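Student: test case, fold it:
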Amino acid sequence: QVQLVETGGGLVQAGGSLRLSCAASGRTFSSYAMGWFRQAPGKEREFVSAISWGGGSTRYADSVKGRFTISRDNAENTVYLQMNSLKPEDTAVYYCAAQRYGSIWYPLSPAKYGYWGQGTQVTVSS
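Tutor: Next up, the predicted model:
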């Protein structure tokens, strides 16, 4: 089992940057693919980005491609989401999630992630 805690959210002006962190408990962090999702008020949770177990593969939603970068540090049991050129439409609660190692990676599907953090609010003002 793994517990996830997100930090780094806050209020930023459009065009600004934030770096989200997600710290995982346990000694098997490298056995989990990690993802970031977000949910804005009145909207469904949507995929933002994901990184494979070893960090060699990444995926991004089209809406954040070129602006956000996901990375992981398995020695520190942490996954990061660097968010640049933020837009008001990026405003949401951001969640990190963990997907247990398997033969197939499902980066975009929330249902394949077994563990979720409590979320951190990101607000981008215009």
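
Student: mind checking how far stretch 100-112 is from the chain centre?
Tutor: 14 Å (Cα atoms, centre = their mean, to the nearest Å).

Student: now do stretch 1-19
Tutor: On the basis of Cα atoms, centre = their mean, stretch 1-19 is displaced by 9 Å from the centre of the chain it belongs to.

Student: now tell me what touches it from outside.
Tutor: Around stretch 1-19, the neighbours that count as contacts under Cβ atoms under 8 Å, 6 or more residues apart in numbering are 20-26, 28-29, 32, 80-88, 94-98, 115-126. The way it works is simple: take the backbone N, C-alpha and C, and place the C-beta from them, glycine included.

Student: got it, and stretch 44-58?
Tutor: Contacts with stretch 44-58, where a contact means Cβ under 8 Å, 6+ apart, come from 30-39, 59-61, 64, 68, 70-72, 74, 79, 81, 94-95, 101, 105, 107-108, 110.

Student: right, I'll call it a day here.
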